[in-house]
Structure formats: C-alpha cells, structure tokens
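S.K.: Fold the following for me, if possible:
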Amino acid sequence: MTGYASASGAGQGFEWTWEMRGVNAKGLDIRIRVPDWIEGLEAGIRAVLTKSLSRGSVSVGLRIQAVDEGSAFSLNEAHLTDVLTALEMIEEQAMARGISLAPSKASDIIGLRGVFEASSQEKDVKQLTQDLLKSLPALVDDFKLMRQTEGASLSDILENQISEISELTEKSAMVAEARKDEMKDTLKANLARVLDNADGVDEARLAQELATLVVKSDVTEEIDRLKAHVDAARGLIAKGSPIGRKLDFLMQEFNREANTLCSKAQNVDLTTLGLDLKTVIDQMREQVQNVE
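M.R.: Have a look, this model is predicted:
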C-alpha cells in the first residue's frame, strides 16, 4: 500500500533530510538513493527495510550537506622546510657571487603559497554512517504508521467485499436448491434421449455418460468451497499483516469457483449470480494488491 515519511537530522558537521515513499507491489522492491561517499550506508538501509517491511515498491532518498563551520589555518611544516632550504641555498649562492640580499621576513615566508593554508576539519565518515542509520528507524516507523492508517480503511473495504461475496454465495445456494426440480426434468429428458438411442451402446459407457450429466449440473461443491474461502479470507484479515500473498492466492481460488459455477449453471438466475460474483472478486483482487 502507499505511504510517505520524511525526517531531518544533523551530526558530524552535516545536516540531512530523509524521504521515504512506497507504492503497491506484489513483492518487496527497495530502491535507495544516497551519496556514494558515505561508506556502508546503502547496505545498512537495505538491512533495516528488509527486516521491517515485507511488501511494496519502496524508495528511500537522502539529501545531505556540510554545515559551514568556518576554516582553520594550519602550518604546512613539510612545505615550510622545503622553502627554508631553498632560501638557504639562494643566500649561499648570492653571497658566493658577492650579491647582497635583504633579510627575509617571517611574514614574507608565511605569504608564500602552501606554507600557511586554510583547511577544513576532517569528517568522520564512519561515525556519520552510524548516526544516519540511527535516525532511520524513526523514519520507518512513521512510514509504517501511515500505511497502517491506510490499511485500516482498506480492511473495511475488504470486509464489505467479502460480505458481498458471502451474500451472493448464499443466494446461489438458494437458486441451486430451487432449480433441482427443473434440473431433474432436464436430466429425465436427457436420459430419455440417450435411452432412445442406446441400441448397441455399451452399458458401462452409458452409465458413465449419465454420471457426467449429473456432475455437470451439480454446483454443491463449488458453493461449499466459496463458503470455505469466505471464512478463510475473514480469518486472514482478522489475523493482520503480512497476509497479502495469501489473500492473493485465495482470490485465484475464489475466481476459479465462480467460473465453474457459471459453466455449470444451466440457469439464467444462477448464471447472473455467478457473473456478479466474478465482478466482486475482481474488485477485491485489485484491493488485495495493496495489502502487505
């Protein structure tokens, strides 16, 4: 089912914002968008989501930026040593040629490129990853809460649809019972037609054909299975998530029985009820895709 959540945080010289979205899917499809330089973050996110969710197409995104903390100046001692060595060599060669140089000032040396430079504080990426992952469960909880709110509404819809299927099944049972006399007359007519043309026909084959006629007109098993599926569906919904895949399978069974009921109907009213059943079952199947 659908869901959305966002959360913000800060630490290790950074500020960040999480966003989590989910849409309907038969399985669990996780998509993660995070900066590549934060080591181990994507694997950690996937582990949390896999443990917490079982169904849906879920995407998680992270926006992160460094907080401006100003710059600190540092002395590049290695570069300073190279500069002083070079100055010493220059002064020695100048003296050897009788050239007098003005004394060097500290301020002149500091001003040389690379001697005294600005450097940002080094960030602890490992600790940053831990801080980000610590902030993730709260985001997932908010996301699940929104899905649960939607799930409560979805539960009511499914309950109503199951009740409708149950009512149509009961009506089908009543029509099937009322048509017995009609089916008996039809069977007698078929039997008479068969007997009139039974000369030379194998008796075992004749008995088999008659049995087939009876089976093709009996919808008792289909109605009994529909009633059993109604009870099973109600039990699953009362149990709660995760039930999406079980309900999805149950909808296939509902549809199979409704199809068979229509094919065996041989009665306008029963056929109409079977088609109504198929309509409600199809509507319920669409809703079941939203169930985790």
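S.K.: Any stretches of the stretch 101-250 of the chain with poor pLDDT?
M.R.: In the predicted model, the stretch 101-250 of the chain carries pLDDT under 70 at residues 107-108, 110-111, 113, 116-124, 184, 187, 190-191, 194-195, 197-217, 241.
S.K.: One more pass at 50, please.
M.R.: Along the stretch 101-250 of the chain, segments meeting pLDDT under 50 span 118-122.
S.K.: could you show me where the helices are in it, in order?
M.R.: 106-110, 125-134, 136-178, 180-196, 203-217, 220-239, 244-264 (DSSP state H, counting those that start in this stretch).
S.K.: So which of those is nearest Leu53?
M.R.: Closest of those to Leu53 is helix 136-178, at 7.6 Å (criterion: CB to CB). For glycine as for every other residue, the C-beta is placed from the backbone atoms N, C-alpha and C.
S.K.: and that closest one, what other elements does it pack with?
M.R.: Helices and strands touching helix 136-178, by 3 or more CB pairs under 8 Å, 6 or more residues apart in numbering; DSSP states H and E, are strand 3-11, strand 14-23, helix 41-52, helix 220-239, helix 244-264, helix 268-288.
S.K.: With mean neighbour count and distance to Asp156 added, can I get those in TSV?
M.R.: Listed next are the helices and strands packed on helix 136-178 as TSV, based on neighbours: other CB atoms under 10 Å; distance: least, CB to CB, whole Å:
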stretch	mean neighbour count	distance to Asp156
strand 3-11	16	18
strand 14-23	18	21
helix 41-52	15	25
helix 220-239	16	10
helix 244-264	18	15
helix 268-288	18	11
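S.K.: Contact partners for Gly11?
M.R.: Shown in contact with Gly11 (CB atoms under 8 Å, 6 or more residues apart in numbering): Gln127, Leu128, Asp131.
S.K.: one more time with 10 Å
M.R.: Taking CB atoms under 10 Å, 6 or more residues apart in numbering, we find Gly11 in contact with Val67, Asp124, Gln127, Leu128, Gln130, Asp131, Leu132, Lys134, Ser135.
S.K.: swap in Glu88?
M.R.: Contacts of Glu88 by CB under 10 Å, 6+ apart: none found.
S.K.: distance of it from Val140?
M.R.: According to CB to CB, to the nearest Å, Glu88 stands 64 Å off from Val140.
S.K.: Identify the residue spatially nearest to Ala247, adjacent ones excluded.
M.R.: No Ala there; residue 247 is Leu. Val288 (4.6 Å; CB to CB, 6 or more residues apart in numbering).
S.K.: Correct me if wrong: the one you found contacts Arg245.
M.R.: Yes - under the criterion of CB atoms under 10 Å, Val288 makes contact with Arg245 at 9.4 Å.
S.K.: shared neighbours of the two, which are they?
M.R.: With CB under 10 Å, 6+ apart as the test, Val288 and Arg245 both reach Lys26.
S.K.: List the contacts of the residue nearest to Asp276 when sequence neighbours are not counted.
M.R.: Nearest residue to Asp276 in three dimensions, chain neighbours excluded: Leu168, at 5.5 Å (CB to CB, 6+ apart). Neighbouring residues of Leu168 by CB under 10 Å, 6+ apart: 226, 258, 261, 272-281.
S.K.: Could you rerun that using 6 Å?
M.R.: By CB atoms under 6 Å, 6 or more residues apart in numbering, the contact set of Leu168 is Leu273, Asp276, Leu277.
S.K.: Between the contacts of Gly11, which sits nearest Ser6?
M.R.: Closest to Ser6, out of all of the contacts of Gly11 and judged by CB to CB, is Ser135, at 11.6 Å.
S.K.: mind pulling up the phi and psi values for that closest one?
M.R.: Per-residue torsions, Ser135: phi -80, psi -10 (degrees, to the nearest 10).
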